[in-house]
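In: sequence and predicted model, in that order:
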Amino acid sequence: MRKHFHRVVAIDGPAASGKSSVARELAEEFGFVYVNSGAIYRAITWQILKKGIAVEDNDCIASALKSAAITCCLQDNESRIIIDNVDPTDHLRDHCVNENVSRISRFPLVRQIVAQKLHELARQHDLVVEGRDIGSVVFPDTPYKFYVDASPAVRLQRRAAEGQRDEIAMRDHDDSSRSVSPLVIAPDAHVIDTSHLTIERVVEEVIARLRAMGLHVSS
Ligand code: DC
């Protein structure tokens, strides 16, 4: 782990694999800050859509991003994003965001901005970060890497149970096939299939593996 970063637990996986619930519980268990990196991509997507910028318009997106003020602040030990002084939390799961977030996440400049925000947080706090490329690209040196997965049928059921319309199959395809930082399993990640496990069981398993690696509760 690079010296200037605190400890980082990376939880990667596709949509509705259970990573948010697992990451949140882990953060609580270890007293680390919980960071949902997807929320930063979602906030940027929401902002671009709100400005009426076409999602194919690379130049317009680039100039909007260069002038955007994006801040990650902490609330109840969770990172919260503020973009141009607005808290977009209530809009992050809007259907238009679900539909366009993978496309916006492909832009190298967007990925660079998000990675920079995550690095800033890791310079100040121990983190549990969930996402798609956290163990493979953003924090490749952390020894604490997990990849959680579940069958497509189970993941669809989970989203439906949350009452959400989410194009999981389309996002999976886009997130896995993009050329920049695609969703991949880092070679040194612990892989856990959550299809037939409760969240509690997955959390127990991850905690046991982290403790075996010497990770302990922060003081
Ligand atoms: O975790 P989520 O489903 O809320 O993420 C929304 C989108 O953000 C996801 O479809 C792809 C993008 N994302 C990404 O490209 N890299 C990450 N580390 C996290 C999310």
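Out: In hand now; what should we look at?

In: going forward, measure contacts and count neighbours with C-alpha atoms only.
Out: OK.

In: tell me the contacts of the residue lying closest to residue 136 once chain neighbours are set aside?
Out: Excluding its sequence neighbours, the residue lying closest to residue 136 (C-alpha to C-alpha, 6 or more residues apart in numbering) is residue 186, at 4.9 Å. The neighbourhood of residue 186, defined by C-alpha atoms under 8 Å, 6 or more residues apart in numbering, consists of 135, 136, 145, 147.

In: which of the residues in the lengthiest helix in the chain are buried?
Out: Ranked by residue count, the top helix of the chain under DSSP state H comes out as helix 108-124. Neighbour counts over helix 108-124 (16 or more other C-alpha atoms under 10 Å) mark 109, 110, 111, 113, 114, 115, 117, 118, 119, 121, 122 as buried.

In: right, and the helix or strand after that helix?
Out: Where DSSP states H and E defines the elements, the next helix or strand beyond helix 108-124 is strand 127-131.

In: so what are the sheet partners of the following helix or strand past that next one and their directions?
Out: Remark: after strand 127-131, the chain's next helix or strand is strand 144-149, criterion DSSP H and E. Here strand 144-149 is paired, per DSSP bridges, with strand 8-12 (parallel), strand 190-193 (parallel).

In: can you give the contact residues for strand 144-149?
Out: 8-14, 17-19, 135, 185-186, 188-195, 206, 210.

In: and the angle for it with strand 127-131?
Out: Counting by axes from the mean of the first three to the mean of the last three C-alpha atoms, to 10 degrees, strand 144-149 lies at 30 degrees to strand 127-131.

In: whichever helix or strand comes after strand 144-149 close to the ligand?
Out: Downstream of strand 144-149, the next assigned helix or strand under DSSP H and E is helix 152-161. No - remark: helix 152-161 sits outside contact range of the ligand, by C-alpha under 6 Å from any ligand atom, the gap being at least 10.6 Å.

In: now helix 152-161: buried residues?
Out: Counting neighbours by 16+ other C-alpha under 10 Å, helix 152-161 gives 152, 154, 155, 156, 158, 159 as buried.

In: now it: mean pLDDT?
Out: Mean pLDDT, helix 152-161: 88.

In: before we move on, back to that, which ones among the buried residues of helix 108-124 also lie next to the ligand?
Out: Near the ligand, taking C-alpha under 6 Å from any ligand atom as the test, no member of those is found.

In: and this structure, which residues reach the ligand?
Out: Near the ligand, when you scan the chain using C-alpha under 6 Å from any ligand atom, you find 15, 37-39, 41-42, 101-102, 105, 131-134, 171, 175.

In: quick one: which of the residues you listed is nearest residue 58?
Out: residue 105 (12.0 Å; C-alpha to C-alpha).

In: my read is that the closest one contacts residue 111, right?
Out: Yes - using C-alpha atoms under 8 Å, residue 105 is in contact with residue 111, at 6.5 Å.

In: if we can go back for a sec, columns neighbour count, distance to residue 94 and pLDDT on top of the contacts of residue 186, output as JSON lines?
Out: JSON lines is the format used below for these (neighbours: other C-alpha atoms under 10 Å; distance: C-alpha to C-alpha, whole Å; pLDDT from 0 to 100):
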{"residue": "135", "neighbour count": "29", "distance to residue 94": "27", "pLDDT": "97"}
{"residue": "136", "neighbour count": "22", "distance to residue 94": "28", "pLDDT": "96"}
{"residue": "145", "neighbour count": "28", "distance to residue 94": "30", "pLDDT": "98"}
{"residue": "147", "neighbour count": "26", "distance to residue 94": "26", "pLDDT": "97"}
